[in-house]
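# Whatever this is, show me its structure:
(2 chains)
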Amino acid sequence: MTPSAGTVEEAQQPASTPPAGAATNAGGPGDRHRLRRAKSATSLTPVSGLGLGIALMWFSLLVLIPLTAVLVQASAGGWSAYWDALSSPQTLAALRLTVGTAVLVTAVNVVMGTAIAWVLVRDQFRGKRLLEVVIDIPFALPTIVAGLVLLSLYGPSSPLGVNWANTPVAVFLAFLFVTLPFIVRTVQPVLLELEHEVEEAAASLGANRLTTFRLVILPSLAPAITAGAALSFCRAISEYGSLVLLSGNLPYSTEVASVRIMSSIEGDKLTEAAAVASILLVVALIVIIALDLISRRVARYA
Amino acid sequence: MHDTAAHRVTRWTLRLIVIGYLLFLVIWPVALVAAKTFSNGLAPVIDALRQPEVIFAFQLTLSAAFWAVVINTIFGVGISLLLVRYTFPGRRALNAMVDLPLSVSPVVVGLALVLVYSGRTGWLGQSLEQAGLQVIYAPPGIIMATAFVSLPLVIREVVPVLQEIGTEQEQAARSLGASGLQTFVRITLPAIKWGLIYGVVLSLARSLGEFGAVKIVSGGVAMRTQTATLLVEERYQQFGVVNSITAYAAAFILALIAVIALIIVTSLRPPRETSQ
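Got it, this is the predicted structure:
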C-alpha cells in the first residue's frame, strides 16, 4: 500500500496548533494530567479517553467478565471439588487424548508447515497461487463443515477404503486440518525477507545445502516456527466443531477436552465444565504471554 | 546457487510431498463434499435449500454475522487507533489481551457467556432478563458469541498498517485546522482502507462459520435460534436422504462463501507483500 502523494508538502507545515481535542478543558477519563502536550499525539485526549473507556467497557462485558466467571465458577466448590472434577478418569482420559494428539499434530506441523512455506516462497510452478488459497481453507471453512469434509475421505464411504471415523485417528486428522495454516503463515513472511546473500556466502564457503539450511536458515526461522507451533497447539487443544460429526465423541477413546466440557454443560454440571475450561484457559493465557515475549525478543534482535 | 541435479531432485521431492500432503488433507476431501452435494444433480439441492428451516437458518446466520462484524469493525478500528497512536497505563496488557479470543475454545466462550448472561443463573443475565432483554437462547447471545470469536481479526490487520503509515499526514492535517473526525475520515481511513477490508472479510467468514460457541448460547431450536452451522449438524445426524442432502447443501453453501472470501482476501494481499 502506498500513501497518497503530498507527504513532503504537508509535513513541512509547522505543527503549532494544539489538537482540537486537547484545547477543550472538559473533564474526561483521559484528562488525568492537565499538562497539554500539543505536539505529542501519544497522550490521551478527552475524546480518545472516552473512546478508550467505551472500548474497555465493551471488551470487559464481552470477554473479560465472562472469562473471569469461568474461573470463579471453577473455584465455586473449593479446591477439593475442583480436583475431583479434573481427576475423574473420564476427564483425565479426555485431557490426555487432547494434549497428546495436539503435541503430535504440532510436531507434524513444524515439519510440514516449514516445508510448505519453503515451497511457497522458494519454488516456482504453475498453480502455486492455488496452493495459497488451499492453505487458508481450513481457517475460513466452518469447523462443522471441516468435519464433514474429512468424513468424506476418511469416513465410512471413503474412496480410499479406510474408515477412521470414531477412532483416535479422526481426532488427529481433525487437529491436523484445522491447524494447517498457522506455521505456514508465520514462517512464510520471514522466509520472504531472508537475505539470499547469506545463503550464497555459506554455499561459497563450501557448505552444502543441508548445512546451510541447518546453520543459516533454520536459526532465523526458529522464532517464527515457535510462534506458529504455539498457535497451532492452542488451536488444537481448543478444537470442537470438526470433531462433532467425525470422532463420535466416545468416552475414553475419542472424547477430547472441549467435548467433555460440552457434555458437562448439557448435563447442567457447570462447575465441572468450568474446571476443565479453566485448564484450557490457563494454557491459552500461557501461550499468549509466551508469544508476546517471543515477539519482543525477535524485535530486539531484528 | 548452482542448480545441480541433486538440487533439482530435492526441489521436486519437496514439491511433490507438499502437494501430496495438501491433496490428501484438503483438496480431495473438499472436492468430495462438492461432488457428494451434487451427486443427484442440482434439483434436489435447490429443493433442500428452499425449505423454510434452511432459509431461516441462513437469514439468522447472516444477520448475526452482520451485527458481529459491524461491532468488531467499529471496536477494532477504535482499539487499533488507541493501541498505536496513544500511550496509557495497561496498553501492553490490552495489546496482548485482544488476541485472547482467538486462542479460547469456542466451547469455553459459550460457557463463559452462559455463566454471565443466562437469565436463570447469570451474573448480569438475571437483571437483564428483568429489564426485558433475553441474551442466552436469543439473537443477542448469538451475536455476542460471534463477535467474541472474531474480535481480533480486524485489529490484527489494521494495527500493522497504522504503524507503517506513521503520524506525519495526520499531524499535518491537524495543524491545518482539521478536526479529529475530519482527519480520521480524510487521512486515516483511506490509508487503512485495504487492511480494514481484509480484516472485515476475514471476520465475516469466521462469523458465518461459528459453531461451538453459538451451539451453547443459542440452544439451536429450529426456526428460532438455529443457525446454518447448527442446521448442518442436526440434519447430518438425522436419518433419511432429504436430511442428508440438506446437510450437504447447507455445508456446500457455507464452504462456497468461505472460499469466495478467501479468494477476495488473496487477491487483496499481494500489494502488501511486495511493498516491503
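# contacts, neighbours, all on C-alpha from now
Will do.
# Quick check: phi and psi on the residue of the stretch 51-200 of chain A found nearest chain B?
Residue of the stretch 51-200 of chain A nearest chain B, by Cα to the nearest Cα: residue A:142 (4.1 Å). The phi and psi values for residue A:142, taken as degrees, to the nearest 10, are phi -60, psi 140.
# which outside residues touch stretch A:239-256?
By Cα atoms under 8 Å, 6 or more residues apart in numbering or on different chains, the residues outside stretch A:239-256 that reach it are A:90, A:93-95, A:97-98, A:143-148, A:150-151, A:155, A:165-168, A:170-171, A:174-175, A:258-259, B:105-107, B:211-212, B:233, B:237.
# How about stretch B:15-30?
By Cα under 8 Å, 6+ apart, stretch B:15-30 touches A:112, A:115-116, A:119, A:123, A:134-135, A:137-138, A:149-153, A:177.
# hmm, 6 Å instead?
A:116, A:149-150, A:152-153 (Cα atoms under 6 Å, 6 or more residues apart in numbering or on different chains).
# For the most centrally placed residue in chain B, what is the enclosing helix or strand?
Ranked by distance to the mean C-alpha position of chain B (Cα atoms, centre = their mean), the top residue is residue B:206 at 1.9 Å. Assessed by DSSP states H and E, residue B:206 sits inside helix B:189-208.
# Over to residue B:172?
helix B:168-175.
# Could you do residue A:67 as well?
Using DSSP H and E, residue A:67 falls in helix A:65-74.
# How far off centre is that helix?
Centroid separation between helix A:65-74 and its chain, computed with Cα atoms, centre = their mean, to the nearest Å, is 22 Å.
# Can you tell me the closest non-neighbouring residue to residue A:264?
In space, and not counting its chain neighbours, residue A:264 is closest to residue A:273: 5.2 Å by Cα to Cα, 6 or more residues apart in numbering or on different chains.
# sec struct for the one you found, please.
At residue A:273, secondary structure determined by DSSP: H, G, I helix; E, B strand; the rest coil is helix.
# Neighbours of it, how many?
By other Cα atoms under 10 Å in any protein chain shown, 29 other residues sit near residue A:273.
# re earlier: other SSEs contacting the helix holding residue A:67?
Here helix A:65-74 touches helix A:270-301, helix B:106-117, going by 3 or more Cα pairs under 6 Å, 6 or more residues apart in numbering or on different chains; DSSP states H and E.
# try it again with 10 Å
Here helix A:65-74 touches helix A:78-87, helix A:270-301, helix B:106-117, going by 3 or more Cα pairs under 10 Å, 6 or more residues apart in numbering or on different chains; DSSP states H and E.
# and the angle from the helix or strand residue A:225 falls within to helix A:270-301?
Using DSSP H and E, residue A:225 falls within helix A:218-237. Per axes from the mean of the first three to the mean of the last three Cα atoms, to 10 degrees, the angle that helix A:218-237 makes with helix A:270-301 is 170 degrees.
# May I see the buried residues of the helix or strand that helix A:218-237 is followed by?
Heading C-terminal from helix A:218-237, the first helix or strand you meet, by DSSP H and E, is helix A:241-244. For helix A:241-244, a neighbour-count test (16 or more other Cα atoms under 10 Å in any protein chain shown) marks A:241-244 as buried.
# for stretch B:182-197, same thing?
For stretch B:182-197, by 16+ other Cα under 10 Å, it's B:183-184, B:187-188, B:191-192, B:194-197.
# Pull that stretch out as PDB, backbone CA atoms only.
What follows is the C-alpha trace of stretch B:182-197 in PDB, where atoms were taken according to Å, rounded to 0.1, in the frame of the first residue of the first chain:
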ATOM      1  CA  GLN B 182     -12.100  15.200   9.600                       C
ATOM      2  CA  THR B 183      -8.500  13.900  10.000                       C
ATOM      3  CA  PHE B 184      -9.800  10.300  10.500                       C
ATOM      4  CA  VAL B 185     -12.200  10.400   7.600                       C
ATOM      5  CA  ARG B 186      -9.900  12.200   5.100                       C
ATOM      6  CA  ILE B 187      -6.500  10.800   6.100                       C
ATOM      7  CA  THR B 188      -6.500   7.800   8.300                       C
ATOM      8  CA  LEU B 189      -9.400   5.900   6.900                       C
ATOM      9  CA  PRO B 190      -8.200   6.000   3.200                       C
ATOM     10  CA  ALA B 191      -4.800   4.900   4.400                       C
ATOM     11  CA  ILE B 192      -6.000   1.800   6.300                       C
ATOM     12  CA  LYS B 193      -8.700   1.000   3.800                       C
ATOM     13  CA  TRP B 194      -7.300  -2.200   2.400                       C
ATOM     14  CA  GLY B 195      -6.200  -3.600   5.700                       C
ATOM     15  CA  LEU B 196      -9.600  -2.800   7.100                       C
ATOM     16  CA  ILE B 197     -11.400  -4.600   4.200                       C
END
